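Visitor: Mind folding the following:
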Amino acid sequence: MNIHFIAIGGAAMHNLALALHLKGDTITGSDDEIFDPSKGRLAARGILPETFGWFPNKITTDLDAIVLGMHAKEDNPELLKAQELRLKIYSYPEFLYEQSKHKTRVVIGGSHGKTTITSMILHVMHYHNKEVDYMVGAQLEGFDVMVKLTDENDFIVLEGDEYLSSPIDRRPKFHLYKPNIALISGIAWDHINVFPTYEGYVEQFSIFVDSIVEGGSVTYNIEDDEVKKVVEASENMIRKFPYETPNYTVENGTTLLETEEGLMPIEIFGKHNLNNLAGAKWICQHMGIDENDFYEAISTFQGASKRLEKIVETETSIAYKDFAHSPSKVLATTQALKNQYPSRKLIACLELHTYSSLNPEFLSEYKGALDAADIAVVFYSPHAVEIKKLEAISKQQIADAFQRDNLIIYTNPDEFKDFLFSQEFNDTSLLLMSSGNYGGLDFDEVKGLIE
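Guide: Next up is the predicted model:
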């Protein structure tokens, strides 16, 4: 097929473009800006656009399909030309479904944990040399790309994001996959710019459950009351498999999972990650991996990129970075690190960076999210608030939202960095939570701080 990508530089889009190129399709694309790692990966395969920008002359009737990324706007010149020529225009998830409609589709949904659970499943499959197609939202060790598509593999494992599909398709991505096997890890209000009410957000998961093909199954976290309510209320003719956090203990900074064969040390930690592991085990069993083989493989899993990713460790100190930004993720991640090293001082630094986290109406959701930390710091950029065209927020609003008397708040990146570099890190755990970089923080310098 001849396939053109409008906004090829995005994390998801460029990975799909690479997967189709490796599959043998002819790929072209456009974007107004492309940064590394997307830029380098596209260049290495010879499909990086020669010039950045939008070029309607690239859109011709020779194309079999257009894949439209969220970064493009509704008035994009290439999109308008494709509509004029009445070419087939797919959103990213729509195209993935088109490529996998004859496969067994395994879709991992949830407000949190979906990248980690998808990564766990793929790690186990890779460990046991079982080939599957996939789409995952993080770079995994042992995997060259984040999307793989073949003609021969029976299974495809898809991370089911609830965000919108494209500028002209306002449906959540995970509504389009029609899973045979599904999982929901948790429901906690997110994407307030798209789902302005909690009820409207939860409804997307009800639609997801009802989209599972008849005779399929949903594996769900029964410890999450909202998930339990949504799944058990569905009248879809599917099988329902609840899961819960397995028993485990922590000894000297090592998490030991209780199994029928006894205690087994694992690389990951935190109650939320053990809960994720339980969900992944169920899905792997649905895919033909027995429990013992699952445990053998999962004992070597070190986590998905930017999900409690270790920066540096010494005998007395450790530092992690994490993608956590929503309140439920911040709470779970902070508690996990404190529980893993209870006798150490925990410095937890959170950057409010996303649309939801910078929204004054949403801020109250962060109440208590950093309570497990001994020193809690929040950084946000007033400039980022301006760029997102949001109402300005004050330090007092942040303090009122978190309801912690000794919360430290910075809006200047240099002042935040000065604070960080003035800390004593002996007998300390450092947690840096952000989907950004605190206005330009060099994580290699942080590594040098602790070493």
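Visitor: Report the contact partners of E84.
Guide: If a contact means Cβ atoms under 8 Å, 6 or more residues apart in numbering, then E84 has no contacts. From N, CA and C alone the C-beta is placed, and that goes for glycine too.
Visitor: Check the gap between it and T28 for me.
Guide: Per Cβ to Cβ, to the nearest Å, E84 is found 18 Å from T28.
Visitor: and what of M146?
Guide: Taken as Cβ to Cβ, the span from M146 to T28 is 20 Å.
Visitor: Same check on K281?
Guide: K281 is 42 Å from T28, by Cβ to Cβ.
Visitor: In the sheet, which strands lie alongside the lengthiest strand in the chain, parallel or antiparallel?
Guide: Looking across the chain with DSSP state E, the single longest strand is strand 345-352. Strands that pair with strand 345-352, judged by DSSP bridges, come out as strand 375-380 (parallel), strand 428-433 (parallel).
Visitor: Outside of that strand itself, list whatever touches it.
Guide: 324-325, 330, 334, 337-338, 358, 369-370, 372-380, 398, 416, 420, 423, 427-438.
Visitor: likewise stretch 303-316?
Guide: By Cβ under 8 Å, 6+ apart, stretch 303-316 touches 115-116, 119, 136, 138-140, 267-270, 273, 318-323, 333, 336-337, 344, 426-428, 430, 432, 443, 446-447, 450-451.
Visitor: now with 7 Å?
Guide: 115-116, 119, 138-140, 268, 270, 318-323, 333, 426-427, 443, 446-447, 450-451 (Cβ atoms under 7 Å, 6 or more residues apart in numbering).
Visitor: swap in stretch 226-233?
Guide: Against stretch 226-233 from outside (Cβ under 7 Å, 6+ apart): I184, G186, I187, V202, F205, S206, V209, V218, Y220, N221, I222, K240.
Visitor: what comes up buried for it?
Guide: E226, V227, K228, V230, V231 (16 or more other Cβ atoms under 10 Å).
Visitor: what element comes up after the one helix or strand the second one maps to heading to the C-terminus?
Guide: Right, V227. Using DSSP states H and E, V227 sits in helix 225-233. Sequence order places strand 239-243 as the next helix or strand after helix 225-233, per DSSP H and E.
Visitor: list the buried ones in that following strand?
Guide: F241, P242, Y243.
Visitor: Just give me the closest of the residues you listed to H286.
Guide: Distance to H286, by Cβ to Cβ, is smallest for F241 among the buried residues of strand 239-243, at 8.2 Å.
Visitor: per-residue pLDDT, the residue lying closest to that closest one once chain neighbours are set aside?
Guide: The shortest distance from F241 to any residue other than its chain neighbours is 4.5 Å, reached at T219 (Cβ to Cβ, 6 or more residues apart in numbering). Turning to T219, the model gives it a pLDDT of 98.
Visitor: can you check S435 too?
Guide: In this model, S435 carries a pLDDT of 78.
Visitor: Let's verify the residue nearest to L164 when sequence neighbours are not counted: helix, strand, or coil?
Guide: Take L164 and drop its neighbours on the chain: the residue closest to it by Cβ to Cβ, 6+ apart is R170, 5.4 Å away. Secondary structure state of R170, per DSSP: H, G, I helix; E, B strand; the rest coil, is strand.
Visitor: Am I right that R170 is in contact with L176?
Guide: No. Applying Cβ atoms under 7 Å, one finds R170 not in contact with L176, separated by 11.8 Å.
Visitor: Those two - which one has more neighbours?
Guide: L176 (22 against 10; other Cβ atoms under 10 Å).
Visitor: which ones are touching that one?
Guide: P93, E94, Y97, S165.
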